[in-house]
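**Q** kindly generate the corresponding structure for this input.
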Amino acid sequence: MNIDTLIHARWIIPVAPDNRVLEDYSIAVQGGRILELLPTEEARDKYAPAHEHELTRHALIPGLINAHTHAGMSLLRGLADDLPLMTWLNDHIWPAEKRWVNEEFVADGTRLAIAEMIRGGTTCFNDMYFFPDVTARVASAAGMRAVVGLILIDFPSAWAGDADEYLHRGIRVHDDFRGNTLITTAFAPHAPYSVSDAPLERVRTLADELEIPIHMHVHETAHEVTEAEQRDGRRPLRRLGELGLLSSSLTAVHMTQLTEDEIGALAESGASVVHCPESNLKLASGF
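**A** As a prediction, the model looks like this:
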């Protein structure tokens, strides 16, 4: 049978079933799709490929997934280092974004990030940034899968002026890319300290209606938790729970500050936690 590509590898390690390693196996590819995984001897007999690759010392795995990115921010890398999170945001990053971020900035930054991800074996990313429509277009043009975050924050930006506009434009992005096989969406309220109760309640309702996830920084640093307790006597996770956001729809990012009770509540809710070891270590904010 004539096909486009046959890849022979010493080992192939699939996602499912767990803990299985296929030795001396091959992957048959036709029209950009995997036709079959089969023993190399059988593959040589069965297929006549236009292109053949011999990887006698390699293990092949499915593409990696980066579960939390701000892809457009690759252009801001190294702008301000060795600072506490809120100093970094308030005094450096947010002012720089106000000055520089526009559609062209996000397109260039995302294109650079995608090139770096592909080089490292990442083929899907879960993003949170301004101009998600631009991120979606760049990812789709690159053939990259992406979950595009419908950003929401209490202050105005180049993307939107207030909560109503953030949500309105976000829903439009969701609708525009609904038929794109590479792009899905998630609501992306920035963090408990930067999004107030009323917009979060609307996100919960809309996420339920559209059946899409919620992607949010939560308990990133001790300062965030302490400040919340001083403000209204509640830790951020408790507040999110009381607003109805602690559910299987929630993807909570960083989560370095957790009590045993909070870990139990998270497990019971079915929420997902994304660990960001490099970011957390860079801020010395904990594991």
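
**Q** who's in contact with the helix or strand containing V225?
**A** For V225, the host element (DSSP states H and E) is helix 222-232. By Cβ atoms under 8 Å, 6 or more residues apart in numbering, the surrounding residues in contact with helix 222-232 are 84-86, 191-193, 219, 234-236, 239, 256-257, 285-286. C-beta coordinates here come from the backbone N, C-alpha and C atoms, glycine included.

**Q** go on, stretch 26-39?
**A** With Cβ under 8 Å, 6+ apart as the criterion, stretch 26-39 contacts 3-9, 12, 14, 22, 24-25, 40, 43-44, 46-47, 49, 60.

**Q** can you pull out the helices in this protein?
**A** For the chain, the helices defined by DSSP state H occupy 40-46, 85-88, 94-100, 103-119, 132-141, 163-176, 197-210, 222-232, 236-242, 260-269, 277-282.

**Q** circling back: show me which of the contacts of helix 222-232 are buried.
**A** L85, A191, P192, Y193, H219, R235, P236, R239, T256, Q257, S285 (16 or more other Cβ atoms under 10 Å).

**Q** okay, the helices of the chain, which one's buried deepest?
**A** Of all those, helix 132-141 has the most neighbours on average by mean count of other Cβ atoms under 10 Å, namely a mean of 22.

**Q** show me what that one is packed up against.
**A** In terms of contacts (3 or more Cβ pairs under 8 Å, 6 or more residues apart in numbering; DSSP states H and E), helix 132-141 is packed against helix 103-119, strand 122-129, strand 145-152, helix 163-176, strand 183-189.

**Q** domain assignment for this structure?
**A** Taking the TED database as the domain assignment, the ranges for the chain are 2-60, 64-283.

**Q** could those domains be laid out in CSV, adding mean pLDDT?
**A** Below are these laid out as CSV (pLDDT from 0 to 100):
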stretch, mean pLDDT
domain 2-60, 96
domain 64-283, 96
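
**Q** can I get the helix holding V225 as PDB, trimmed to CA atoms?
**A** What follows is helix 222-232, C-alpha atoms only, in PDB (Å, rounded to 0.1, in the frame of the first residue of the first chain):
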ATOM      1  CA  ALA A 222       1.900  33.700  49.900                       C
ATOM      2  CA  HIS A 223       1.300  37.500  49.400                       C
ATOM      3  CA  GLU A 224      -1.800  36.900  47.300                       C
ATOM      4  CA  VAL A 225      -3.300  34.700  50.100                       C
ATOM      5  CA  THR A 226      -2.300  37.000  53.000                       C
ATOM      6  CA  GLU A 227      -3.600  40.000  51.200                       C
ATOM      7  CA  ALA A 228      -7.000  38.300  50.500                       C
ATOM      8  CA  GLU A 229      -7.300  37.300  54.200                       C
ATOM      9  CA  GLN A 230      -6.600  40.800  55.300                       C
ATOM     10  CA  ARG A 231      -9.100  42.200  52.900                       C
ATOM     11  CA  ASP A 232     -12.200  40.100  53.700                       C
END
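
**Q** can you give the distance of that helix from its chain's centre?
**A** 26 Å (Cα atoms, centre = their mean, to the nearest Å).

**Q** same deal with stretch 113-126?
**A** The chain centre lies 11 Å from the centre of stretch 113-126; the measure is Cα atoms, centre = their mean.

**Q** same question, stretch 153-163
**A** Centroid displacement of stretch 153-163 relative to its chain, using Cα atoms, centre = their mean, is 21 Å.

**Q** ok, and what's touching that stretch?
**A** By Cβ under 8 Å, 6+ apart, the residues outside stretch 153-163 that reach it are 97-98, 101-102, 130-131, 151-152, 166, 168-169, 189-190, 194-196, 198-199, 202.

**Q** same question, stretch 266-274
**A** 67-68, 126, 237, 241, 246-255, 258.

**Q** give me that answer again for 10 Å
**A** By Cβ atoms under 10 Å, 6 or more residues apart in numbering, the residues outside stretch 266-274 that reach it are 66-68, 126, 213-219, 237, 240-241, 245-255, 258, 263, 265.
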